[in-house]
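Q: dropping the sequence and predicted coords here.
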Amino acid sequence: MTPVHQLWLLDAIDILLVAALFYRLLTLVKGTRSAQMFVGLLVIIAVGLLARYFDLLAVRWIMDSLRTVWLIVFVILFQPELRHALAQWGRTRYFRSFLRGENYGVLGEVVRALESLAQRRHGALVVMERNVGLRNFVETGTRIDAKVSAELLVTLFSPGSPLHDGAVIIREDTIIAASCILPLSSNPLTAVSLGTRHRAAVGLSEETDAAIIVVSEQTGGISVAYRGVLYQRLDEGQLRSELSRIFRIRPQDEQQAAPTPPPANDPPMGTGAEKAAG
């Protein structure tokens, strides 16, 4: 490659990167109060360019004097948006494989909600996404896009809620959708012994690496399905421990990580203990 072509390629990459950064910034400030500040900043830049073009000495002197503080002003004005952008980039799937810290806050909210639902005997089906995307299943439900909270989960699964049937899908710290339809397990033994919610939980766990939590309407028992294995009748401590274990597994360790056996006091999957209502 000749030096001319190399320079042309570097210029093209430079322009594309700047365009991508500006586009990302525009999408972040859209619909916020920072949008007006961004427009004002663009107006100041345009005035500075016009002053340089028409050789307006006073305006040029003012713009040149402010040049040293532009970066500081930019960071101060758009601090919330910049923090939000950096947090989003750090949570992308490409970086999550290097970061093994669990989101204990989300797990705590989920556990608290499921305990409350179990006490009330309200059925629930919660899917916590890991590395395999669940977009196909998200599209079968109603978009929520709200931060995970125990109160919201309890409300969604209350019998009077129009979204209480189906599954809630959680991605990181966000409830993505509710009333989603999941595939039922193809295992004939599972189909005979368990209710619809539990069969759907096992079915999705057979196809993806998600952790699926079920609350039975009939017994109030809490179960977790992961990698085709159903752990039944978990108490609060066991549920928190099992979810923490699942979300500690790195993608590269997925094949070597064997599921832990269900607690000794639990009936094995397929006893019919939670048949019918699921």
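A: All right, it came through fine.

Q: for the stretch 1-150 of the chain, just list every one of the helices.
A: 3-29, 34-54, 57-66, 70-77, 79-90, 93-96, 104-120, 135-138, 150-156 (DSSP state H, counting those that start in this stretch).

Q: kindly reformat these as JSON lines containing mean pLDDT, distance to L243 and mean neighbour count.
A: For the C-beta atoms, the positions are set from N, CA and C on the backbone; glycine is no exception. Putting the helices of the stretch 1-150 of the chain into JSON lines (pLDDT from 0 to 100; distance: least, CB to CB, whole Å; neighbours: other CB atoms under 10 Å) gives the following:
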{"stretch": "helix 3-29", "mean pLDDT": "79", "distance to L243": "31", "mean neighbour count": "11"}
{"stretch": "helix 34-54", "mean pLDDT": "81", "distance to L243": "37", "mean neighbour count": "13"}
{"stretch": "helix 57-66", "mean pLDDT": "82", "distance to L243": "52", "mean neighbour count": "12"}
{"stretch": "helix 70-77", "mean pLDDT": "76", "distance to L243": "38", "mean neighbour count": "12"}
{"stretch": "helix 79-90", "mean pLDDT": "67", "distance to L243": "22", "mean neighbour count": "12"}
{"stretch": "helix 93-96", "mean pLDDT": "51", "distance to L243": "16", "mean neighbour count": "11"}
{"stretch": "helix 104-120", "mean pLDDT": "90", "distance to L243": "5", "mean neighbour count": "18"}
{"stretch": "helix 135-138", "mean pLDDT": "90", "distance to L243": "19", "mean neighbour count": "16"}
{"stretch": "helix 150-156", "mean pLDDT": "95", "distance to L243": "14", "mean neighbour count": "18"}
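
Q: closest one to R227 among those?
A: Between R227 and these, the shortest gap by CB to CB is with helix 135-138, which sits at 17.1 Å.

Q: elements contacting the closest one?
A: strand 167-171, strand 174-180 (3 or more CB pairs under 8 Å, 6 or more residues apart in numbering; DSSP states H and E).
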